[in-house]
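Asks: what's the 3D shape of this:
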Amino acid sequence: MIRKIALLLVCIFSCTFVHSRGTILYDHSKIERLSTFRIFGVVDLRSVKDISAPVVYRTLNHEGGMQITVMEVLNKDEYEGNEGMWLYVLLVSPMWTDDGTWIEENTKFLIFLPDDMAVFDFEK
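Replies: This next block holds a predicted model:
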C-alpha cells in the first residue's frame, strides 16, 4: 500500500515538472496584467468578474495544468482560509473540468490564486 502511494506521488510530481519548461514563480507580487503562466491543482472558476458569483467549474489537477494570461489583477484577499489574490484571466489552451465539461481556449474566468501555489512557465 505504501509503495503504491509513493509511486503515485512520484508520477504526479514527474508530470508536473515534465510539463513545466520555464520559470517557476513563488512570489506572486510579480504577477501583472498580461503575465502568462500555468497552474496546477484544483481551482474554482467563476464566469463573471465578481467574487460573490457562484463557481461554475472546477479544474482538474491534470498533467497539463491550466494555462492562462492575466487580464486584470484584482485584490489581495482571503478565500477558504488561504491568503492570495483574485485574478481575471484568459484561458490560453482548452481543458476539461472536474464535471467533464470541455472549455475552449479564450474563455475568461475569475480565479483565486493562493499565495502558497507556485506558478509555472511564468512570463511577464
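
Asks: the residue nearest the centre of the chain and Glu32, how far apart?
Replies: With distances taken as C-alpha atoms, centre = their mean, the residue of the chain nearest its centroid is Ile39 (3.6 Å). Ile39 sits 16 Å away from Glu32, taking C-beta to C-beta, to the nearest Å as the criterion. (Each C-beta comes from the backbone N, C-alpha and C, glycine too.)

Asks: just the strands in the protein please.
Replies: 23-25, 36-39, 44-45, 57-58, 66-79, 82-91, 95-96, 102-103, 108-114, 119-123 (DSSP state E).

Asks: tilt between the last one and strand 108-114?
Replies: If you take axes from the mean of the first three to the mean of the last three C-alpha atoms, to 10 degrees, strand 119-123 sits at 120 degrees to strand 108-114.

Asks: which stretches of the chain have low pLDDT?
Replies: Using pLDDT under 70 as the threshold, the predicted model of the chain has low-confidence ranges 1-21.

Asks: the same query, at a cut-off of 80, please.
Replies: Using pLDDT under 80 as the threshold, the predicted model of the chain has low-confidence ranges 1-22, 62-63.

Asks: got the strands of the chain as JSON lines, with distance to Ile51 columns?
Replies: As requested, the strands of the chain are exported to JSON lines (distance: least, C-beta to C-beta, whole Å):
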{"stretch": "strand 23-25", "distance to Ile51": "23"}
{"stretch": "strand 36-39", "distance to Ile51": "18"}
{"stretch": "strand 44-45", "distance to Ile51": "10"}
{"stretch": "strand 57-58", "distance to Ile51": "16"}
{"stretch": "strand 66-79", "distance to Ile51": "7"}
{"stretch": "strand 82-91", "distance to Ile51": "6"}
{"stretch": "strand 95-96", "distance to Ile51": "22"}
{"stretch": "strand 102-103", "distance to Ile51": "20"}
{"stretch": "strand 108-114", "distance to Ile51": "7"}
{"stretch": "strand 119-123", "distance to Ile51": "20"}
